[in-house]
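> requesting a structural model of the entry that follows:
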Amino acid sequence: QVQLVESGGGLVQAGGSLRLSCAASGRTISTYIMGWFRQAPGKERELTARIIWSGNTYYADSVKGRFTISRDNAKNTVYLQMNSLKPEDTAVYYCAARSKTSIQYAYWGQGTQVTVSS
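Reported below is the predicted structural model:
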């Protein structure tokens with residue numbers, strides 16, 4: 001079992017920055033695929049960024065060039081640096097983990113609210 005706890009959300013003005021953290025416990029996540037998802041009111045949850053064990057990353061087009069996902073295996077933590085934030089980035093952000101052999105993300109955090117004011 002992997003437990004995930006997000007932190008770092010909050011209220012920020014458009015153009016500002018936030019860094020989200022996802023602290024894992026229970027197992028080392030160094031070999032897991034880690035993802036940051038977000039869900040805005042009335043919208044489906046979407047994959048925002050993903051990082052695999054090799055460090056290879058993926059970003060949704062909507063955040064490419066503004067968000068950076070990274071991992072610190074020594075701290076068993078994944079980060080999402082969000083720059084140039086826009087009001088449309090407002091959502092609950094979730095950290096999730098899946099093993100190499102799994103199609104679905106089996107482990108989820110409780111989410112952290114990010115609100116970007118215009």
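> what is I51 paired to in the beta sheet?
Under DSSP bridges, the beta-bridge partners of I51 are M34, T57.
> tell me where the protein has helices.
Assigned by DSSP state H, the chain shows no helices.
> residue nearest the centroid of it?
The chain has W36 as the residue nearest its centroid, 2.5 Å off, counting by CA atoms, centre = their mean.
> surely that one touches A49?
Yes - in this structure, W36 is within contact of A49 by CB atoms under 8 Å, at 4.8 Å. Every C-beta, even on glycine, is put in place using the N, C-alpha and C of the backbone.
> could you tell me which residues touch both of the two?
Counting by CB atoms under 8 Å, 6 or more residues apart in numbering, the common neighbours of W36 and A49 are 69, 80.
> got the contact list for the residue nearest to the centre of the chain?
W36 neighbours (CB under 8 Å, 6+ apart): 20, 22, 47-50, 69, 78, 80, 93-96.
> let's see that with 6 Å instead.
Under the criterion of CB atoms under 6 Å, 6 or more residues apart in numbering, the contact list for W36 reads 48-49, 80.
> same check on Y79?
Here Y79 is in contact with 19, 21, 70 (criterion: CB under 6 Å, 6+ apart).
> and the second one, how many neighbours does it have?
When neighbours are defined as other CB atoms under 10 Å, S21 has 17 of them.
> again, but for the first one
Counted with other CB under 10 Å, the neighbours of R19 add up to 13.
> what's the answer for the last one, then?
Counted with other CB under 10 Å, residues neighbouring S70 total 15.
> chain neighbours aside, what residue packs nearest to it?
Y79 (4.9 Å; CB to CB, 6 or more residues apart in numbering).
> hey, what's that neighbour bridged with?
Beta-bridge partners, per DSSP bridges, of Y79: S21, S70.
> all strands of the chain, in order?
3-7, 10-13, 18-25, 33-39, 46-51, 57-59, 67-72, 77-82, 91-98, 107-108, 112-117 (DSSP state E).
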